[in-house]
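Colleague: All I have is the shape, not the residue letters:
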DNA sequence: CCTACCGATCGGTAGG
DNA sequence: CCTACCGATCGGTAGG
């Protein structure tokens, strides 16, 4: 019989970490419980001593990704600084998060849509919250006269998020630039534009 | 026995179109041949009169997406116009393509990594080619003094591609702005930046 | 955490 | 394009 699942145990954390890696590499539907068991050196069925279902595992990984982004985003919004500094800081934090937690971030951005309700709704709320952070900074910047008044807040926010969210698709460890420098480069481009 | 597969037949094109829709909605691994058969009103096994394998179907959809992007990209690069105009044109074309062929574009951008060799290599070459188009325009712009000399070509190209590639993730039909106007907005933002 | 098992479904094929 | 089938694998459970 199912006993109380360990919710905090180190072994459970290892299962979630291994799931993050596999889900990011092979996708949620492309990963079987057999793959996961193999990666952890245990039998497929034994995983259910630590988790309730495969989908619960996806939810945990997606939630972890969401929390990482929200933490950094919130601290950028709350900075007592001009909007351009806060936007730069948010984008740097976003890209650092995407790189430092590449597995969870990839799953958060790509596999969350395979969650069923009500889990998907929980995640959607966090995505909306984060997007709200970006918009708030841009609105502040326009009000303060720092940013161009003609800039469309929604599109500017989407551009910033696109730049950050696509990181997982092209970033490969071992490049010349670190996450912080990459974030700086993008932030400068978004703020100053390409034209001379 | 397997007879010669119809390579050009209208029915085969319908199968590919239905696959593009399902693969974009549920992912490649989340779509079964049973789903596809149901969508087309035929038995699972009957699909093999039109195609060789599920993976071949993925390849066809990904290739279609790649070709759509390449066509538009090439025509933007070859325009006899200043770099800023060509970059604007490429980004508009990219976003129009992403929206007008949302299914194939989504699969091209998200599911191509599930292709095995040598198919994945074929697709990678086309991705590199397209990225080369973007870089070429930006290099021209810097040489001509149109774009800021300090702009990093690789990062600027990645920003443009990120803006375009993330379209599938947020675009929903029925909004106020059409594809062309959305492309214009992003292009202006990338060229002029946010700062006043 | 393992063994042994459940029913369901997977992609694909033979033969018509 | 269908019927009937193949072996393999799926997520998950009982009982220890």
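Modeller: Great, that's in hand. What you are looking at is a predicted structure, and each value in this text was computed from that prediction instead of being measured. Residues are numbered from 1 along each chain as shown, chains lettered A, B, ... in the order given.
Colleague: ok and the residue in chain A nearest chain B?
Modeller: Closest residue of chain A to chain B, C-beta to the nearest C-beta: residue A:193 (2.8 Å). Backbone N, C-alpha and C define where each C-beta goes, glycine included.
Colleague: correct me, but that residue touches residue B:191?
Modeller: Yes. Residue A:193 sits in contact with residue B:191 when judged by C-beta atoms under 8 Å, with a separation of 5.4 Å.
Colleague: Those two - which one has more neighbours?
Modeller: Per other C-beta atoms under 10 Å in any protein chain shown, whichever of residue A:193 and residue B:191 has more neighbours is residue A:193, with 21 against 18.
Colleague: tell me the contacts of the more buried one?
Modeller: By C-beta atoms under 8 Å, 6 or more residues apart in numbering or on different chains, the contact list for residue A:193 reads B:189, B:190, B:191, B:192, B:193, B:194, B:195.
Colleague: swap in residue A:20?
Modeller: Neighbouring residues of residue A:20 by C-beta under 8 Å, 6+ apart: A:61, A:64, A:103, A:104, A:107.
Colleague: I'd like to know which of the residues you listed is nearest to DNA strand C.
Modeller: Closest to DNA strand C out of the contacts of residue A:20 is residue A:61 (17.9 Å), distances taken as C-beta to the nearest atom of the strand.
Colleague: For DNA strand C, tell me whether the helix or strand containing the closest one is touching it.
Modeller: Under the criterion of DSSP states H and E, residue A:61 resides in helix A:54-77. No. Helix A:54-77 lies apart from DNA strand C when judged by C-beta under 7 Å from any atom of the strand; the minimum separation is 12.5 Å.
Colleague: Pick out the residue nearest the middle of chain A.
Modeller: Nearest to the mean C-alpha position of chain A, counting by C-alpha atoms, centre = their mean, stands residue A:105 at 3.7 Å.
Colleague: quick one: average pLDDT of the helix or strand containing that one?
Modeller: For residue A:105, the enclosing helix or strand under DSSP H and E is helix A:102-110. Helix A:102-110 shows a mean pLDDT of 97.
Colleague: hang on, residue A:150 is in a strand, isn't it?
Modeller: No. Residue A:150: not assigned to a strand; according to DSSP: H, G, I helix; E, B strand; the rest coil it is coil.
Colleague: contacting residues for residue A:13?
Modeller: Contacts here follow C-beta under 8 Å, 6+ apart; on that basis residue A:13 touches nothing.
Colleague: Please identify which helix or strand holds it.
Modeller: Per DSSP H and E: residue A:13 is located in helix A:10-26.
Colleague: So which bits of that helix are buried?
Modeller: Within helix A:10-26, the residues that count as buried by 16 or more other C-beta atoms under 10 Å in any protein chain shown are A:12, A:15, A:16, A:17, A:18, A:19, A:20, A:21, A:22, A:23, A:24.
Colleague: circling back to that earlier point, pretty sure the residue nearest to the centre of chain A contacts residue A:98?
Modeller: Yes. Under the criterion of C-beta under 8 Å, residue A:105 makes contact with residue A:98 at 4.6 Å.
Colleague: Now do the shared contacts for those two.
Modeller: Contact criterion C-beta under 8 Å, 6+ apart; residues bridging residue A:105 and residue A:98 by contacting each: A:167, A:168.
Colleague: what does chain A put close to DNA strand C?
Modeller: On the criterion C-beta under 7 Å from any atom of the strand, DNA strand C has as its neighbours in chain A the residues A:11, A:40, A:41, A:42, A:43, A:44, A:45, A:46, A:49, A:50.
Colleague: mind running it again at 10 Å?
Modeller: Within chain A, the residues that sit near DNA strand C (C-beta under 10 Å from any atom of the strand) are A:1-3, A:6, A:9-12, A:14-15, A:29, A:37, A:40-50.
Colleague: Got a quick ChimeraX command for the buried subset of those residues?
Modeller: For the buried members of the residues of chain A next to DNA strand C, the matching ChimeraX selection, counting by 16+ other C-beta under 10 Å, is:
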select /A:12,15,29,37,40,47,50
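Colleague: Among the residues of chain A next to DNA strand C, which ones lie close to chain B?
Modeller: By C-beta under 8 Å from any C-beta of the partner chain, the members of those lying near chain B are residue A:29.
Colleague: In strands only, show me the residues of chain A next to DNA strand C.
Modeller: Within the residues of chain A next to DNA strand C, no residue falls in strands by DSSP state E.
Colleague: and residue A:101, how many neighbours?
Modeller: When counting by other C-beta under 10 Å, one arrives at 18 neighbours for residue A:101.
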